[in-house]
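**Student:** Structure for the following, please:
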Amino acid sequence: MDQRSGQKRAVEFLYPPIDPFDQRVIDMADGHRIYAEQCGNPHGIPVVVLHGGPGGGCSPAMRRYFDPGVFRVILFDQRGCGRSRPHASVHANTTWDLVADIEVIRTALGIDRWVCFGGSWGATLALIYAISHPDRVAHLVLRGVFLMTRAELDWFYGGGVGAFFPDLWERFVAPIPQEERGDLIGAYHRRLFSGNLMEESRFGRAWAGWENALASINNEGATGESPAEYARAFARLENHFFRHAGFLERDGWILSERHRIEHIPATIIQGRLDMICPPRAAWELAQGWAKADLRLIPLAGHALSEPGISAELVRVMDGLR
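**Tutor:** Modelled structure (predicted):
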């Protein structure tokens with residue numbers, strides 16, 4: 001089967017888009033207003049979708065992994081991105097603010113326990129939320145695991161993956177003076193928060209382009225041009241969180257606290273060729289976790305839209321009926 005027929009076969013597993021039956025903006029009383037929506041079955045199994053980034057925002061395509069007759073799907077744009085406001089703001093915007101927001105949304109919707117569905121940074125946030133509120137999580141569905149460790153950040157921003165993509169790496173580091181390249185997160189931070197909108201947007205596009213180029217194994221090297229407003233918000237938020245190591249107490253915090261959630265069933269979907277979040281993190285997360293089911297997807301990278309990953313996620317959700 002060639003790649004084009006594989007793509008068509010995977011798309012056949014997906015459900016049609018679901019229109020929201022409830023859209024609202026929740027005032028978090030600290031200057032942030034969070035966009036949230038519900039779709040699917042109002043009386044179905046509740047599942048909260050945690051998008052990536054930080055700063056990626058939700059999209060209608062994320063509704064297509066759930067049988068609309070079975071699931072009550074809750075999506076929201078995390079602080080500073082998507083339809084939440086203020087846009088691109090890092091004020092009062094930490095991992096712990098996001099965890100608190102999830103609890104506000106759950107309480108506002110009258111949900112006792114729900115499935116947490118997240119990929120990449122969304123998987124990170126799902127794990128941190130579950131560790132913080134284990135009694136509120138019925139099942140974890142994680143994709144492209146990222147544990148917010150120094151080793152993972154060094155891999156992506158310290159030249160590790162650049163050994164596989166030297167041309168794209170050179171394009172990413174080129175705007176930064178040679179003397180600043182020892183800390184690219186810091187160097188980009190100074191430019192993403194310079195106060196000059198044009199400069200912030202230009203460096204936002206460079207930051208987002210580096211990640212986008214490596215998301216799929218089918219990418220032929222083009223970094224693409226994200227819309228300036230989106231790229232600026234995505235890059236500022238991601239850089240802000242990474243510069244502060246996810247606001248976690250110590251490196252390796254998630255694995256050290258995993259014992260709090262080992263009673264929760266978890267399904268982990270991981271592309272074997274994921275260059276953004278290499279499979280090592282998913283493997284380490286699953287080791288010794290009796291209720292974790294790690295599924296390594298061959299010929300798949302990082303993106304949610306990878307055919308093998310999309311198909312497997314739908315199979316997993318169908319199995320939770």
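**Student:** mind checking how far the closest residue to Asp154 other than its chain neighbours is from Glu152?
**Tutor:** Leaving aside its chain neighbours, Asp154 sits nearest to Gly160 (6.3 Å; criterion: Cβ to Cβ, 6 or more residues apart in numbering). Placement of C-beta: from N, CA and C, glycine included. According to Cβ to Cβ, to the nearest Å, Gly160 stands 9 Å off from Glu152.
**Student:** What residues are bridge-paired with Val115?
**Tutor:** For Val115, the beta-bridge partners are Val47, His139 (DSSP bridges).
**Student:** Check the contact between it and Val47; I expect there is one.
**Tutor:** Yes: contact criterion Cβ atoms under 8 Å: Val115 and Val47 qualify, at 4.0 Å.
**Student:** Between Gly160 and Glu152, which is the more surrounded one?
**Tutor:** More crowded of Gly160 and Glu152, by other Cβ atoms under 10 Å: Glu152, with 20 against 16.
**Student:** what sits against that one?
**Tutor:** Contact partners of Glu152, counting by Cβ atoms under 8 Å, 6 or more residues apart in numbering, are Phe146, Cys277, Pro278, Ala281.
**Student:** measure Tyr65 to Gln178 for me?
**Tutor:** Counting by Cβ to Cβ - Tyr65 and Gln178 are separated by 44 Å.
**Student:** Where does the prediction get shaky in the stretch 201-321 of the chain?
**Tutor:** 220-225 (pLDDT under 70).
**Student:** ok, which stretches of it are helices?
**Tutor:** Using DSSP state H, counting those that start in this stretch, the helices of the stretch 201-321 of the chain run over 228-243, 253-256, 279-286, 307-318.
**Student:** Please name the residues that touch the spatially most central residue of the chain.
**Tutor:** Closest residue to the average C-alpha location of the chain: Gly52 at 1.8 Å, with Cα atoms, centre = their mean. Residues near Gly52 by Cβ under 8 Å, 6+ apart: Gly118, Gly119, Ser120, Trp121, Gly122, Gly144, Leu304.
**Student:** Now for the second one, how many residues are close by?
**Tutor:** It stands for Gly119. Gly119 - counted by other Cβ under 10 Å - has 28 other residues nearby.
**Student:** Please list all residues in contact with it.
**Tutor:** Leu50, His51, Gly52, Leu142, Arg143, Gly144, Leu304.
**Student:** mind listing which of those are in strands?
**Tutor:** Leu50, Leu142, Arg143 (DSSP state E).
**Student:** want to throw these into TSV with distance to Val314?
**Tutor:** Below are the ones in strands among the contacts of Gly119 laid out as TSV (distance: Cβ to Cβ, whole Å):
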residue	distance to Val314
Leu50	18
Leu142	15
Arg143	12
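**Student:** Export those to TSV and append columns for neighbour count.
**Tutor:** Compiled in TSV, the ones in strands among the contacts of Gly119 are given as follows (neighbours: other Cβ atoms under 10 Å):
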residue	neighbour count
Leu50	28
Leu142	28
Arg143	32
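**Student:** Looking at these, which is nearest Ile264?
**Tutor:** Distances from Ile264 to these, taken as Cβ to Cβ, are shortest for Leu142 (11.2 Å).
**Student:** need the contact list for the residue nearest to that closest one when sequence neighbours are not counted.
**Tutor:** Nearest non-adjacent residue to Leu142, counting by Cβ to Cβ, 6+ apart: Ala123, 4.1 Å away. Counting by Cβ under 8 Å, 6+ apart, Ala123 touches Leu50, Leu142, Arg143, Gly144, Val145, Phe146.
**Student:** quick revisit: of the helices of the stretch 201-321 of the chain, give the one that comes closest to Ala100.
**Tutor:** Among those, helix 228-243 comes nearest to Ala100, with 15.4 Å by Cβ to Cβ.
**Student:** could you show me where the helices are in the stretch 1-150 of the chain, in order?
**Tutor:** In the stretch 1-150 of the chain, the helices defined using DSSP H, counting those that start in this stretch lie at 3-11, 95-108, 121-132, 150-157.
**Student:** Just name the most buried of those.
**Tutor:** Ranked by mean neighbour count under mean count of other Cβ atoms under 10 Å, those are led by helix 121-132, which reaches a mean of 25.
**Student:** In CSV, list the ones in strands among the contacts of Gly119 along with pLDDT and distance to Ala206.
**Tutor:** As requested, the ones in strands among the contacts of Gly119 are arranged in CSV below (pLDDT from 0 to 100; distance: Cβ to Cβ, whole Å):
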residue, pLDDT, distance to Ala206
Leu50, 98, 26
Leu142, 98, 29
Arg143, 98, 26
